[in-house]
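Trainee: Pasting a predicted model and its sequence here:
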Amino acid sequence: MASKALSLILYNLALPFGLAFMLPSAFIKMRRRNGRWRDLAQRLGWHSKKTQKAIAALPQHERFWVHAVSVGEVGVAKKLITRLLQTDAYLGIVLSTTTPTGHALAVELAAQHLGRVVAIYSPVDLPGIGRLMLEIIQPTQLVLVEAEVWPNLTSAAERLGIPVSLVNARLSPRSERRYRKFRWLVEPIFRLLHQVLVQEESDITRWQGLGVERDRIHLAGSIKYDPDGAIVLPVKIDALHAVLTQVGISPQQPILLAASTHAGEEIELARVFQHLREKIHDLALLIVPRHVERRAEITAALNTIGITPALRSDSLSRVDPNAPVFLIDTTGELAAWQHLATLVVVGKSFLAEGGQNPAEAALAQKPVLFGPHMENFTPLVDLLLKHGGAQQVADFKELTSACLTLLQNKPKAFHMAHAGHKALQIHQGATQRSVERLLEQK
């Protein structure tokens, strides 16, 4: 095993090359997702006086720095932070994010908790920048969401005596294999973690295999899958009901929702929708792409098969009564939209590997369908399939048949929706357990 010093030296030698390689695509994504050039200053530890004052005004006795990368991790952070603030009235939180879409959600959360939550962009993990931010924020604890163990930041926190917790710890089999190849290099960094709160019992062995001591690993369950931690406000659902009516979709119509779709899936799912409309004449389709900046690409693809979708971002847009398709090209609403769906199809599961998270649909008590590629969610998929709370199909043809069966057989659809929600009860209380573990570290 390498020493911590050697691990950091090798990491910092490789980091500039990695950043140079990623910068072009990162700049393109930033612009597509409405990022601003001045936001880059925050990535280097430079913050406006307004932001610095907001951080300084947070409660000083207890202050957490929570880091979440993008929309999915911010969703976990939102549940966690909401429960933390409810539990500890003297706690202040700085929430850092990496992507513009994640940052937008963090800003919304900060607006809901003025004086107790401040949203910032995360600093690049270059030597010295993490320590600078730790000195500015002065947290009593650094909380990393899911898999964001940054070597320089984690090491700087350890040197300053700030405990580092990894919550909702996620380690896919693919990630584990990659880490194990370089265990001698990553183990000294993972050993700096004060505690790792894992989602599944099988995760305990995986994290032990990477050098984390057993007594620092705790089974908390998944915050993301926790029914008690779900935050979907009824007022939000009511507002989206009104949006549907405005664009020409009645809330009484059956709705097929394509969730977190990736390139190529939208047109194939639209074809599935067209076939289903031959039998279910009032069916509507909602498409929620994983990356909303693809709206023009998706619209152009749908136009080639005779579909002109209404756009969520356009208040004047209306669906075509002959092909009611609504493209949700805004962020942060997927959980609420799934509450309004009749069926939910999970994206990135047909034409790409990995899949997307089916838990929100199951928590919303909706029948869930996905394709053959759900590698990043194997434990959850196995759990849902075991209890009959989801259906996995081989291709779009089989998806068409499965959707038609569920749309025509309401008792079967109800049973699947109920079974999926019940299956997630194993994670009930995960948010509260995570909160208790974090507050024990104060």
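Mentor: Now that the structure is in, tell me what you want to look at.
Trainee: was I right about E353 contacting E375?
Mentor: Yes. Counting by C-beta atoms under 8 Å, E353 touches E375, with 5.7 Å between them. For every residue, glycine as well, the C-beta is placed using N, CA and C.
Trainee: Which stretches in the stretch 201-350 of the chain count as strands?
Mentor: Remark: strands assigned in the stretch 201-350 of the chain by DSSP state E, counting those that start in this stretch are 217-219, 255-261, 284-289, 310-311, 325-327, 343-346.
Trainee: So for the longest one, could I get the coordinates as CSV, restricted to C-alpha?
Mentor: Spelled out, it's strand 255-261. Coordinates of the C-alpha atoms in strand 255-261 are reproduced here as CSV (Å, rounded to 0.1, in the frame of the first residue of the first chain):
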residue,chain,number,x,y,z
ILE,A,255,-50.0,9.2,-19.4
LEU,A,256,-46.9,7.3,-20.4
LEU,A,257,-43.8,9.1,-18.9
ALA,A,258,-40.3,8.5,-20.3
ALA,A,259,-38.0,9.4,-17.4
SER,A,260,-34.3,10.5,-17.8
THR,A,261,-34.0,9.5,-21.4
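Trainee: Name the residues that touch it?
Mentor: For strand 255-261, contacts defined as C-beta atoms under 8 Å, 6 or more residues apart in numbering pick out 249, 265-266, 269, 272-273, 276, 283-290, 334, 337-338, 340-348, 356-357, 360-361, 366, 403.
Trainee: give me the low-pLDDT residue ranges for the stretch 301-442 of the chain?
Mentor: Counting by pLDDT under 70, the stretch 301-442 of the chain shows low-confidence ranges at 442.
Trainee: If we use 80, what do you get?
Mentor: Low-confidence segments of the stretch 301-442 of the chain, defined by pLDDT under 80: 441-442.
Trainee: just the stretch 51-200 of the chain next, same as before
Mentor: Looking along the stretch 51-200 of the chain with the criterion set at pLDDT under 80, you get 172-176, 182.
Trainee: Helices along that one, start to end?
Mentor: 71-87, 100-112, 129-137, 151-159, 173-181, 183-190 (DSSP state H, counting those that start in this stretch).
Trainee: What residues of the second one count as buried?
Mentor: Burial within helix 100-112, assessed by neighbour count using 16 or more other C-beta atoms under 10 Å, is assigned to 100-107, 109-110.
Trainee: do the same with the last one
Mentor: For helix 183-190, the buried set under the neighbour-count rule, 16+ other C-beta under 10 Å, comprises 185-190.
Trainee: got these as JSON lines, with distance to G115 columns?
Mentor: Formatted as JSON lines, those follow (distance: C-beta to C-beta, whole Å):
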{"residue": "L185", "distance to G115": "42"}
{"residue": "V186", "distance to G115": "38"}
{"residue": "E187", "distance to G115": "40"}
{"residue": "P188", "distance to G115": "39"}
{"residue": "I189", "distance to G115": "34"}
{"residue": "F190", "distance to G115": "35"}
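Trainee: Of all pairs in these, which one is the farthest apart?
Mentor: L185 and F190 (10.4 Å; C-beta to C-beta).
Trainee: ok, so what distance separates the spatially most central residue of the chain from L114?
Mentor: For the chain, G72 is the residue whose C-alpha lies nearest the centre (C-alpha atoms, centre = their mean; 0.8 Å). Noted for G72: a distance of 25 Å to L114, by C-beta to C-beta, to the nearest Å.
Trainee: likewise E353?
Mentor: E353 is 42 Å from L114, where distance means C-beta to C-beta.
Trainee: circling back: quick one: which of the buried residues of helix 100-112 is nearest to M416?
Mentor: Within these, the smallest distance to M416 is 29.6 Å, found for L105 (C-beta to C-beta).
Trainee: gap between the closest one and T51?
Mentor: 17 Å.
Trainee: So what sits opposite P289 in the bridge?
Mentor: Counting by DSSP bridges, P289 forms beta bridges with T261.
Trainee: And the helix or strand containing V381, how far out from the chain middle?
Mentor: Take DSSP states H and E as the rule and V381 turns out to sit in helix 378-386. Helix 378-386 has its C-alpha centroid displaced from the chain centroid by 18 Å (C-alpha atoms, centre = their mean, to the nearest Å).
Trainee: So which elements touch that helix?
Mentor: strand 391-392, helix 410-423 (3 or more C-beta pairs under 8 Å, 6 or more residues apart in numbering; DSSP states H and E).
Trainee: residues of that helix that come out buried?
Mentor: So helix 378-386, judged by 16+ other C-beta under 10 Å, has buried residues 379-381, 383-385.
Trainee: which residues touch that helix?
Mentor: By C-beta under 8 Å, 6+ apart, the residues outside helix 378-386 that reach it are 172-173, 199-200, 202, 222, 225, 355, 357-359, 362, 368, 370, 374, 389-392, 420, 423-424, 426.
Trainee: go with 6 Å
Mentor: Helix 378-386 has contacts (C-beta atoms under 6 Å, 6 or more residues apart in numbering) with 200, 374, 390, 420, 423.
Trainee: Quick check: closest non-adjacent residue to the last one.
Mentor: Sequence neighbours aside, H387 is the residue nearest to A423 in space, at 3.9 Å (criterion: C-beta to C-beta, 6 or more residues apart in numbering).
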